[in-house]
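Asks: 3D model of this:
(one chain, ligands or ions: 1)
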Amino acid sequence: MEDLAGKVAFVTGGASGIGLAMAHAFAREGSKVVLADIEVGPLETAAEELRAAGADVIGVNCDVSDHSSVVAAAARAVDAFGKVHVLCNNAGVAPSGAVDETTPEDWKWCLGVNLMGVVHGIQVLVPAIKAHGEGGHVVNTASIAGLIALPTLGIYTATKYAVVGLSETLRGELAPFGIGVSVLCPSFVKTRLHESHRNRPAELGPGPGEPDPFMAQMLSTATDPQVIGERVLRGVKRGDFYILPHPDVKLGFNARANEILAACDLE
Ligand SMILES: NC(=O)c1ccc[n+]([C@@H]2O[C@H](COP(=O)([O-])OP(=O)(O)OC[C@H]3O[C@@H](n4cnc5c(N)ncnc54)[C@H](O)[C@@H]3O)[C@@H](O)[C@H]2O)c1
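Replies: I've put the predicted structure just below:
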């Protein structure tokens, strides 16, 4: 989707981190932006920040794990801007801990946001993009953890592998409608992901050992989200399917692919 001027981008998890960086990148191209996020304070601050930079933006309170909340947010977007062209299913959370020590509540939360959040975005907004017939693009935020399993992040890894698989299917389904699909798989980015328990619903109780000190350490020195936002913008304009901003993924993915290929030859 080369020309994004005047188009409308709907970004979940848009109040901070990678989502906010994508919003800024789209706004700089002249897109109108809808920030959909569960965290009201940062959402207002983020919308103000974009407005100050000259963007046409609305912030919408939305819990992506709740289908009806995504329906309501989409209706607000259409009320404000008439259409949506670019859908960024980006909201995510990252509870950590050995899989056998995780609880049903940990799974409910992370699957609800990271996987069902993406499903809800597709179910609610893709039919609207198809209906206006002007084409569009869907960006699903997975992770390097969608291509290589990460230790102590079993739930997160399961959701991100699912998002990669879902995106690979979606790509074929949407091609006939002129709607592109990308799956974003970054390595560590300097955001508040290690503090994602701040958005864990109270009724699910506290998560295990959060914030995770290893993640906090890795994220503190990681890539600036702005770099990821610009890379996503280039990917959408070029129609890249896999958006892999960190080339060091190659080593781990190669090892995994080689092991799978070798296993094909075992009797
Ligand atoms: N930071 C990294 O190192 C990294 C690496 C790979 C992938 N990712 C992915 O990038 C995406 C964005 O994360 P980030 O790193 O910017 O972290 P972040 O915590 O800064 O941003 C996540 C955003 O999602 C929002 N959110 C959380 N639960 C929500 C819900 N139920 N409904 C709507 N919004 C909700 C948060 O309020 C926040 O604004 C996530 O999907 C994450 O898994 C991050």
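Asks: give the contact list for P211.
Replies: If a contact means CB atoms under 8 Å, 6 or more residues apart in numbering, then P211 has 194-195, 197 as its contacts. (Glycine included, C-beta is placed from N, CA and C.)
Asks: 6 Å instead, please
Replies: With contact set as CB atoms under 6 Å, 6 or more residues apart in numbering, P211 has these partners: 194-195.
Asks: quick one: A9 and V86 touch, right?
Replies: Yes. Here A9 lies in contact with V86, judged by CB atoms under 6 Å, at a distance of 4.0 Å.
Asks: of the two, who's got more company?
Replies: Relative neighbour count places A9 above the other of A9 and V86, with 30 against 27, counting by other CB atoms under 10 Å.
Asks: What distance do you get for that one to the ligand?
Replies: Separation of A9 from the ligand (CB to the nearest ligand atom, to the nearest Å) stands at 15 Å.
Asks: same deal with F214?
Replies: Note on F214: its distance to the ligand, by CB to the nearest ligand atom, is 12 Å.
Asks: Helix or strand: which one has that residue?
Replies: When secondary structure is defined using DSSP states H and E, the element that contains F214 is helix 213-220.
Asks: Need the residues that contact that helix.
Replies: Contacts of helix 213-220 from elsewhere in the structure, counted by CB under 6 Å, 6+ apart, are 188, 190, 194.
Asks: okay, the first one: pLDDT?
Replies: Spelled out, it's F188. At F188, the pLDDT value in this model is 95.
Asks: Which of the helices or strands spans A162?
Replies: In the assignment (DSSP H and E), A162 maps to helix 154-174.
Asks: Packing partners of that helix?
Replies: On a contact count with 3 or more CB pairs under 6 Å, 6 or more residues apart in numbering; DSSP states H and E, helix 154-174 meets helix 104-110, strand 179-184.
Asks: and with 7 Å instead?
Replies: Counting by 3 or more CB pairs under 7 Å, 6 or more residues apart in numbering; DSSP states H and E, the packing neighbours recorded for helix 154-174 are helix 104-110, helix 116-132, strand 136-141, strand 179-184.
Asks: And the helices in the stretch 1-150 of the chain, which stretches?
Replies: 17-28, 40-52, 67-81, 104-110, 116-132 (DSSP state H, counting those that start in this stretch).
Asks: will you turn those into TSV that also has mean pLDDT, mean neighbour count and distance to the ligand?
Replies: Output for the helices of the stretch 1-150 of the chain, formatted as TSV (pLDDT from 0 to 100; neighbours: other CB atoms under 10 Å; distance: least, CB to the nearest ligand atom, whole Å):
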stretch	mean pLDDT	mean neighbour count	distance to the ligand
helix 17-28	98	25	2
helix 40-52	98	16	6
helix 67-81	98	18	8
helix 104-110	97	18	8
helix 116-132	98	20	6
